[in-house]
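Novice: Below are the sequence and a predicted model; questions follow.
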4 protein chains.
Amino acid sequence: MDTWRTAIVDAGPDHIRVRGHDVLELMKRATFTDHIFLLHHQRLPSEGERRLLDAILVGGADHGAGAPSCAAARLAASGNRESLSAAIAAGILAIGDEHGGAGSSCMELIRQGLGRARAGSRSFDAVAAELVGEAKQAKARLPGFGHRVHSKIDPRVAVIFGLAKDAGLEGDGIRFVRALEAAIAAGIKPIPLNIDGALAAVLVDLGFPALFGRLIFIISRVAGISAEVLEEHTREKAMRIKIPVEYDGVPPVKDGQ
Amino acid sequence: MDTWRTAIVDAGPDHIRVRGHDVLELMKRATFTDHIFLLHHQRLPSEGERRLLDAILVGGADHGAGAPSCAAARLAASGNRESLSAAIAAGILAIGDEHGGAGSSCMELIRQGLGRARAGSRSFDAVAAELVGEAKQAKARLPGFGHRVHSKIDPRVAVIFGLAKDAGLEGDGIRFVRALEAAIAAGIKPIPLNIDGALAAVLVDLGFPALFGRLIFIISRVAGISAEVLEEHTREKAMRIKIPVEYDGVPPVKDGQ
Amino acid sequence: MDTWRTAIVDAGPDHIRVRGHDVLELMKRATFTDHIFLLHHQRLPSEGERRLLDAILVGGADHGAGAPSCAAARLAASGNRESLSAAIAAGILAIGDEHGGAGSSCMELIRQGLGRARAGSRSFDAVAAELVGEAKQAKARLPGFGHRVHSKIDPRVAVIFGLAKDAGLEGDGIRFVRALEAAIAAGIKPIPLNIDGALAAVLVDLGFPALFGRLIFIISRVAGISAEVLEEHTREKAMRIKIPVEYDGVPPVKDGQ
Amino acid sequence: MDTWRTAIVDAGPDHIRVRGHDVLELMKRATFTDHIFLLHHQRLPSEGERRLLDAILVGGADHGAGAPSCAAARLAASGNRESLSAAIAAGILAIGDEHGGAGSSCMELIRQGLGRARAGSRSFDAVAAELVGEAKQAKARLPGFGHRVHSKIDPRVAVIFGLAKDAGLEGDGIRFVRALEAAIAAGIKPIPLNIDGALAAVLVDLGFPALFGRLIFIISRVAGISAEVLEEHTREKAMRIKIPVEYDGVPPVKDGQ
């Protein structure tokens, strides 16, 4: 097998360095959020950048035991008491396009929009209207907009954008999702920006690739899944979960007669 | 990295051999059950051995969508439509000591009993009574006995043992679990042998190690999980599963004021 | 939570039926391959259909410990000795678009081709030439054709198609991939049909949906992963696997000074 | 199905509260490390507690691409480009008793020691000597001591214990592992405390249960696995990993002749 190459960790007999930083020094001074930023971004964050990433990580960690990620982890913990990592992995596997996927999809949309605006020296409003028109024609949902519960306004958006403003980190990502929100209201109907759209805008402004939208949700949610699994182990009996099922298939078949 | 050693597959530029057998020839003549036997046992089975393994594989594949393995897979499929392997893996992760673990635990018990009988030239009845006494004192459950639903008799036991008899494959494993069943009835109360105890006895008689009791359940159940995931993809909407949750923790805390 | 609906298993207090068949009867007579067919196809297979499915399941189970699926399982078993299901799940998770995905992609291609031929009452040759032209223009690979090792001919194709012929089960799927192979040779260069293309053709002819191309590979490969994990547990020490890594990132950074 | 109970998250139509704290307020003020503490400990940490948990989380995140957790994730990413969560889950599944398990095992050992000391009003030195004697007799390793690379001293221990001292958080956990270290040197030979022993002592002093020793390593390592998977996706081709394998099993068998 070839030797693997990596630009992340340099581990020698007497040192471990992450992106060039001595891990011992990082342990003394960096926060876990700094380290997450460093691992994925190749430098440590500023104070404002750290605050924004903390807000995103805190906000996504756990929305309740009934979400597919937490529920799948609890089911695995219910049958498999041997391995905590098995239960946590089962929870992560429920994360995908439909659960936790809107952030990275919205980052792609923003990057596409910013690319068109820059390439054609066009205004964000014009490009946003174009993208909304295309989505309308394709009958495609626009990721990052609309919410089952927060149909009028998602209060987490104001928190995220307020932190970005306080830190002087409002960038083209935020400006473009606001242009998209206005274009949706004009071209379809008012559908408010949701938390996925807000964090997508901020992560674009912080310079992260679209895949990171998916990864940061997993990193964040693992903290919640972990707590849910701990509660399942310490509070509930094994095999306690029984899901009611109704058979509606073909009637009994006579075999072997 | 060192080169890995294996005694399973020999793959060259113009051949793949499994335990020395040419895969092309196996594809023409062997059944999947033959192949499973070969992969784990280093030879092909006799007709009777194949029939027994088929019965075990068929019997464990799927007992309903509400079992933790199938339900965890469906939850993962509900949130993550991108990856079939993610959903199937989530289902497998719910298999462990509490779900699908009794077979291999009973195989360990049988091996322990047969070991004591052989080492001390003692009767199965005497050793079985001893093991039951130890379990009683330790307040430990005896794996392979008792069933929530089949409290009187587990009808699958008769099927498995009937096939073993027809094939002339009744061995010490079967004789020992029968001795255990009698010792339980005498020392505790009548608790019937269940399917896990029956397959454990048969797998010991077929010469498999105890770990295989766990592995064959996984191999078997993957077939059922796969069908459940296919049904979830083709019949149900993403994110359809909502589990009702009641919060009973501490009341609201005032922050930041 | 709503009660879940399913057309697969009907489990009552005194019975388990799969697609209407009593599991006790299936245990006596059906093979595991019959059962896999039944779980995904809603009826038991004919003898010829079973033979074809057996060949596919046997052929895909294990091609060597170094494949991503088997290697990931061995790595997990190396660090996590607590849970067999964790190691097997890790192996399954390496299966995806790039590893084990060509079969279902080729099934989609065949279904697309057969659909165009039927809708337009066109010949398979004309439709195949059209699809090859489109792939050429899009610089897309045609799934099911070409092989790193078997550059001239994949010998497993003849085995699969020979069994289909013997069983009188050659259908439009087989005819269409042959038309594709000819169109590729005429329009690009001779690239032989591989095992993925052969099984895709057969599975279309057996009436399975394209997703089943992915699922049957997982079911098959789990048998091999299981044997690889058993070997890792019984023959190798924990944590034995060391992968050589070379750091080529930024040089050391001075912190905290 | 019964409604699930939980004391972690209270999610209503207009609020999400974690352990009673409004998530919006947490997003504004809490760090991710605060939130991890809160999810598992039912209150927010003090500044010193947060600093200690940050050091542990930073220190465990990534020690190199060749560790089983990171390597299994990269293998999964190599074959399965469809799903980031599949690759991360594969990495987590390599974490278990042998990889990442020493911290929680050492926490169990400390709790056992502290329990004996309190129950019998005995000195830490006496109980530590007793535990070391028992381990010596059982030929069992003492988790948290010794290191392949850092055979003389693990420099991370001084960092962790220095932070604990600075924060005034040295407790019985730290005192007891120091007693264990002395008892090992006296009863066996000098084997230095390692990072797992240091974090175990600190986590006991912070009031966490032993299972959390395993969970915090998973939470920490997911950050590193995520970065490794991102690098695999963006820098390496699919299916690039080839592991050299040597077959040493039975010679070719003649079939069907």
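Specialist: Everything's here; your move. Just so we're clear, the structure is a prediction, and the values are computed from it rather than from any experiment.

Novice: what angle separates the helix or strand hosting A:S69 from helix B:68-79?
Specialist: A:S69 is part of helix A:68-79, with elements assigned from DSSP states H and E. Going by axes from the mean of the first three to the mean of the last three Cα atoms, to 10 degrees, helix A:68-79 is angled at 170 degrees with respect to helix B:68-79.

Novice: can you tell if helix A:68-79 touches chain B?
Specialist: Yes. Taking Cβ under 8 Å from any Cβ of the partner chain as the criterion, helix A:68-79 and chain B are in contact, through A:P68, A:S69, A:A71, A:A72, A:L75, A:A76, A:S78, A:G79. From N, CA and C alone the C-beta is placed, and that goes for glycine too.

Novice: Write the ChimeraX selection for whichever of these are buried.
Specialist: Selecting the buried subset of the residues of helix A:68-79 next to chain B in ChimeraX, with 16 or more other Cβ atoms under 10 Å in any protein chain shown as the burial test, is done by:
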select /A:68,69,71,72,75,76,78,79
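
Novice: separation between A:H40 and chain C?
Specialist: According to Cβ to the nearest Cβ, to the nearest Å, A:H40 and chain C sit 13 Å apart.

Novice: can I assume that residue is in contact with D:V229?
Specialist: No. With contact taken as Cβ atoms under 8 Å, A:H40 and D:V229 are classed as non-touching, separated by 10.4 Å.

Novice: mean confidence score for stretch A:186-202?
Specialist: Average pLDDT, stretch A:186-202: 95.

Novice: Could you tell me the end-to-end distance of it?
Specialist: End-to-end distance of stretch A:186-202 (Cα to Cα, to the nearest Å): 24 Å.

Novice: Tell me where the stretch 151-257 of chain A has strands.
Specialist: With DSSP state E, counting those that start in this stretch applied, the stretch 151-257 of chain A shows strands at A:245-247, listed in chain order.

Novice: sorry, back to before: turn the residues of helix A:68-79 next to chain B into a markdown table, columns for pLDDT.
Specialist: Putting the residues of helix A:68-79 next to chain B into a markdown table (pLDDT from 0 to 100) gives the following:
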| residue | pLDDT |
| --- | --- |
| A:P68 | 95 |
| A:S69 | 97 |
| A:A71 | 97 |
| A:A72 | 97 |
| A:L75 | 97 |
| A:A76 | 98 |
| A:S78 | 97 |
| A:G79 | 96 |
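
Novice: Tell me where the model's unsure across chain A.
Specialist: Flagging of chain A using pLDDT under 70 yields the residue ranges A:1, A:148-151, A:256-257.

Novice: So which bits of it are right by chain C?
Specialist: Within chain A, the positions lying close to chain C (Cβ under 8 Å from any Cβ) are A:1, A:3-11, A:17, A:19-22, A:25-26, A:28-29, A:42, A:80, A:82-83, A:85-86, A:89, A:93, A:243-253, A:255-256.

Novice: What subset of the residues you listed is buried?
Specialist: Applying 16+ other Cβ under 10 Å to the residues of chain A next to chain C flags A:1, A:4, A:6, A:8-11, A:17, A:19-22, A:25-26, A:28, A:80, A:82-83, A:85-86, A:89, A:93, A:243, A:245, A:247, A:249, A:255 as buried.

Novice: Centre-most residue in chain A?
Specialist: Nearest to the centroid of the C-alpha atoms of chain A, with distances taken as Cα atoms, centre = their mean, sits A:F217, at 3.0 Å.
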